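Colleague: would you be able to build a 3D model of this:
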Amino acid sequence: MTDLKTRVCDAIDANAAALLENSHAIHRVPELAFQEHEAAARLVHDVERAGLTVTRGAYGLETAYESEIGTDGPRVAILSEYDALPGIGHACGHNIIAVAGLGPSLALASLGRDLPGRIRYLGTPAEERGGGKELMAQEGAFDGVDAAMMIHPAGVNLATMPCICVSEVEVTYRGRSAHASAMPHAGLNALDALVTAYQTVAQLRQHIKATERIHGIFTHAGDAPNIVPDRATGIFYVRAATAEDLAPLKERVKRCFEAGALSSGCEVEINWARADYLDMNTSWPLAKEFQQNAEALGRRFIPMEKVSGSAAGSTDMGNISHRVPSIHPMLASAPRDVVIHNPEFTKWAASEMGDRACIDGAKSLAMTAIDYLTRRDLQEAAAAAFAAGAEVSARAVGAAYHVDGAAHLGGCGCR
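Modeller: Here you go, the predicted model:
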């Protein structure tokens with residue numbers, strides 16, 4: 001095992017220049033969810049250049065891809081993300097995630113017949129918006145996978161990403177327009193309906209758990225002050241610690257929307273996202289191995305018990321973690337006071353510190369994959385930990401996808 005780890009780390013070092021060139025190129029040309037054509041093409045090119053077969057447009061998504069490595073043994077999925085945020089580019093550092101998934105996959109492939117298992121390297125689009133991993137999972141992307149792993153950049157090193165569930169919903173009220181001065185009595189004010197709903201949601205916030213969040217904006221509120229608005233639209237995020245908490249909270253929010261319609265006489269259309277994002281069901285046996293491997297490279301991790309419970313985002317990797325044992329650790333790519341999803345982090349994602357995260361992330365994932373593929377005890381520990389919550393996870397997965405949901409909604413809430 002030690003020899004294999006040395007070999008994959010050496011292979012990543014040998015390929016470091018190409019990996020960092022890809023990271024910087026993806027960073028220079030930020031592409032939004034489902035539009036990551038150049039990023040995907042770059043990553044696929046390097047996989048094919050290594051002599052591996054790649055399936056483009058994998059699992060129904062044009063900018064997804066898949067490469068299967070190895071022929072026998074347990075299968076580990078290693079994931080890349082590469083979509084950006086509107087206006088602020090790679091403020092989530094997905095250029096780092098992209099090559100931190102590519103690097104270990106190519107390094108493990110270079111072991112040839114000495115690879116002690118199988119790797120499914122997946123390019124997964126649309127994490128920021130659209131739930132790409134959930135959409136791919138619906139088409140079988142994680143069938144036959146025994147464990148899944150990826151990293152995420154941050155301002156600190158953490159064994160996992162603190163995550164909560166999120167569901168996006170768009171509410172539209174339709175009323176009747178009229179002259180707001182001459183004939184206000186003839187109108188039905190859709191904006192009043194939305195304002196009432198917003199205020200009702202604000203009142204609901206007083207009576208939800210500390211781990212729950214509801215926040216929203218108005219995206220259309222009328223066309224002119226002297227016309228009673230006949231249409232008003234808002235978008236809201238509903239967050240909860242677990243899928244089992246999310247479902248009843250969504251129902252309470254729905255009743256707030258219905259109250260707006262009832263009080264105003266308007267009609268209401270409530271569209272939930274096709275894919276909810278689930279909490280992160282971290283495989284701690286795997287996460288501990290990852291941390292040890294990263295610490296061997298000189299990184300120091302903040303104990304999870306010292307992380308604020310309120311500092312939680314969302315990711316569609318959570319959806320995968322309820323299907324197979326999974327890890328989603330965070331590696332420092334910027335100073336601690338620089339938080340992800342702001343323009344300052346965008347700069348650091350292509351900095352020397354961001355480059356180190358690319359290489360350290362690639363090496364740590366490669367070594368953790370070797371740990372899993374070579375150690376029966378680790379495979380059994382990960383399987384047992386996952387089985388302990390399998391019933392809850394099955395319910396979470398069953399509630400996360402809505403075939404009639406709106407395809408243009410859904411995301412981690414970062415945009």
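Colleague: all contacts plus neighbour counts: C-alpha atoms, from now on.
Modeller: Fine.
Colleague: how far does stretch 171-187 stretch from start to finish?
Modeller: 20 Å (C-alpha to C-alpha, to the nearest Å).
Colleague: do stretch 158-177 as well
Modeller: Termini of stretch 158-177 sit 53 Å apart (C-alpha to C-alpha).
Colleague: run the chain-centre distance for it.
Modeller: Between the centre of stretch 158-177 and the centre of its host chain there is 14 Å, according to C-alpha atoms, centre = their mean, to the nearest Å.
Colleague: quick one: contacts for E212?
Modeller: 238-241 (C-alpha atoms under 8 Å, 6 or more residues apart in numbering).
Colleague: quick one: it and M304, what's the gap?
Modeller: When E212 is compared with M304 (using C-alpha to C-alpha), they lie 20 Å apart.
Colleague: now D360
Modeller: For D360 relative to M304 (C-alpha to C-alpha), the value is 20 Å.
Colleague: okay, these two: which has more neighbours?
Modeller: Comparing D360 with M304 by other C-alpha atoms under 10 Å, the one with more neighbours is D360, at 24 against 14.
Colleague: my read: that one touches A296, true?
Modeller: No - assessed by C-alpha atoms under 8 Å, D360 is found out of contact with A296, at 10.0 Å.
Colleague: surely T55 is in contact with T63?
Modeller: No - T55 is beyond contact range of T63, at 10.6 Å (criterion: C-alpha under 8 Å).
Colleague: so between these two, which is more surrounded?
Modeller: Comparing T55 with T63 by other C-alpha under 10 Å, the one with more neighbours is T63, at 25 against 13.
Colleague: tell me the SS of the more buried one?
Modeller: Look at T63: counting by DSSP: H, G, I helix; E, B strand; the rest coil, its state is coil.
Colleague: neighbours of the closest residue to E289 other than its chain neighbours, how many?
Modeller: Nearest residue to E289 in three dimensions, chain neighbours excluded: T368, at 6.2 Å (C-alpha to C-alpha, 6 or more residues apart in numbering). Counted with other C-alpha under 10 Å, residues neighbouring T368 total 23.
Colleague: I'd guessed T368 sits against K288; true?
Modeller: No - at 9.4 Å, T368 and K288 do not qualify as touching, with contact defined as C-alpha under 8 Å.
Colleague: need the residues touching each of the two.
Modeller: With C-alpha under 8 Å, 6+ apart, T368 and K288 have no common neighbours.
Colleague: can you tell me how far P116 is from T55?
Modeller: In terms of C-alpha to C-alpha, P116 sits 23 Å off from T55.
Colleague: nope, P104 is what I was after
Modeller: In terms of C-alpha to C-alpha, P104 sits 18 Å off from T55.
Colleague: so where's the chain uncertain?
Modeller: Under the criterion pLDDT under 70, the flagged ranges of the chain are 308-311, 411-415.
Colleague: how about the strands in it?
Modeller: 55-56, 65-69, 75-80, 118-123, 147-149, 152-154, 165-174, 213-220, 231-240, 267-272, 326-327, 330-332 (DSSP state E).
Colleague: next, count neighbours for H341.
Modeller: So H341, with other C-alpha under 10 Å, has 18 neighbours.
Colleague: before we move on, back to that, mutual contacts of T55 and T63, please.
Modeller: In contact with both T55 and T63: no residue, using C-alpha under 8 Å, 6+ apart.
Colleague: and stretch 346-361, C-alpha only, in CSV?
Modeller: C-alpha atoms of stretch 346-361 as CSV (Å, rounded to 0.1, in the frame of the first residue of the first chain):
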residue,chain,number,x,y,z
THR,A,346,-12.2,34.0,-6.8
LYS,A,347,-8.7,35.5,-6.8
TRP,A,348,-7.4,32.9,-4.4
ALA,A,349,-8.8,30.0,-6.4
ALA,A,350,-6.1,30.6,-9.0
SER,A,351,-3.3,31.6,-6.6
GLU,A,352,-0.3,29.7,-5.4
MET,A,353,-2.3,28.6,-2.3
GLY,A,354,-5.1,27.4,-4.6
ASP,A,355,-2.6,25.5,-6.7
ARG,A,356,-1.3,23.7,-3.6
ALA,A,357,-4.9,22.7,-2.8
CYS,A,358,-5.2,21.2,-6.3
ILE,A,359,-2.1,19.0,-5.8
ASP,A,360,-2.7,18.2,-2.2
GLY,A,361,-6.3,17.4,-2.9
